[in-house]
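# Here is a sequence with its predicted model. Questions after.
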Amino acid sequence: FEGWIASDPITDRKSTFIAFATKADSEEEAFTKLDLLRTDNKIARANHLMIAWRIKGENGVSFQDCDDDGETAAGGRMLHLLTVMDAWNVIVAVGRWFGGVHIGPDRFKHINSTTREVIVKGNFATPATGGGLTNNSSKKKK
């Protein structure tokens, strides 16, 4: 997928999750790249393709939004993670290929971890920002 960075796949009870991220400097660019990603046969066969994006535009105008694609609340959680990690000018798409077994809230763990991986892998944010991955060694000793 040209221009896209992919996470390692996570498979749990026959469902597979893979996140993809790419740089985008405008909503138009983000959707053009997303349309190209969707032309891939494997992506097109995903049961859900949840997306979230955050873009800093000209004159301090910023855009951010998400789409669950039928996986209730998933897009909002992805957008929250992008916000916590302070990731900008990026669109993330997480594909879920459903294997027939419902996995309940564990799906959010997989959506979050693949999203986090692809954001860090693409240098859209640093691993130390957000999600409890901070180093607590700076606390003062009593």
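Perfect, thanks for sending it. Numbering: from 1, shown residues only.

# Let me see the contact set for Ile55.
Residues counted as contacts of Ile55 (C-beta atoms under 8 Å, 6 or more residues apart in numbering) are Ala24, Asp25, Ser26, Glu27, Ala30, Ser62, Phe63, Gln64, Trp88, Asn89, Val90, Ile91. Every residue, glycine included, has its C-beta placed from N, CA and C.

# should've said Pro9
Each residue near Pro9 by C-beta under 8 Å, 6+ apart is listed here: Thr16, Phe17, Ile18, Thr114.

# How much space separates it from Met50?
For Pro9, the distance to Met50 equals 15 Å [C-beta to C-beta, to the nearest Å].

# which sections of the protein are below the confidence cut-off?
Applying pLDDT under 70 to the predicted model, the residue ranges of the chain that meet it are 127-142.

# just the helices in it please.
Under the criterion DSSP state H, the chain contains helices at 27-38, 41-44, 74-84, 106-121.

# May I see the ChimeraX selection of the buried members of the contacts of Ile55?
The command below creates a ChimeraX selection of those among the contacts of Ile55 that count as buried (16 or more other C-beta atoms under 10 Å):
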select :24,30,88,89,90,91
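
# Turn the contacts of Ile55 into a markdown table, including distance to Gly75.
Converted to a markdown table, the contacts of Ile55 look like this (distance: C-beta to C-beta, whole Å):
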| residue | distance to Gly75 |
| --- | --- |
| Ala24 | 16 |
| Asp25 | 21 |
| Ser26 | 20 |
| Glu27 | 15 |
| Ala30 | 14 |
| Ser62 | 17 |
| Phe63 | 14 |
| Gln64 | 11 |
| Trp88 | 17 |
| Asn89 | 18 |
| Val90 | 14 |
| Ile91 | 12 |
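
# ok, of the contacts of Ile55, which one's closest to Phe124?
Each of the contacts of Ile55 was checked against Phe124 using C-beta to C-beta; the closest is Val90, at 4.4 Å.

# for the residue lying closest to that closest one once chain neighbours are set aside, what are its contacts?
By the measure of C-beta to C-beta, 6 or more residues apart in numbering, the closest residue to Val90 outside its immediate chain neighbours is Phe124, 4.4 Å from it. For Phe124, the set of contacting residues under the criterion of C-beta under 8 Å, 6+ apart consists of Ala21, Lys23, Met85, Ala87, Trp88, Asn89, Val90.
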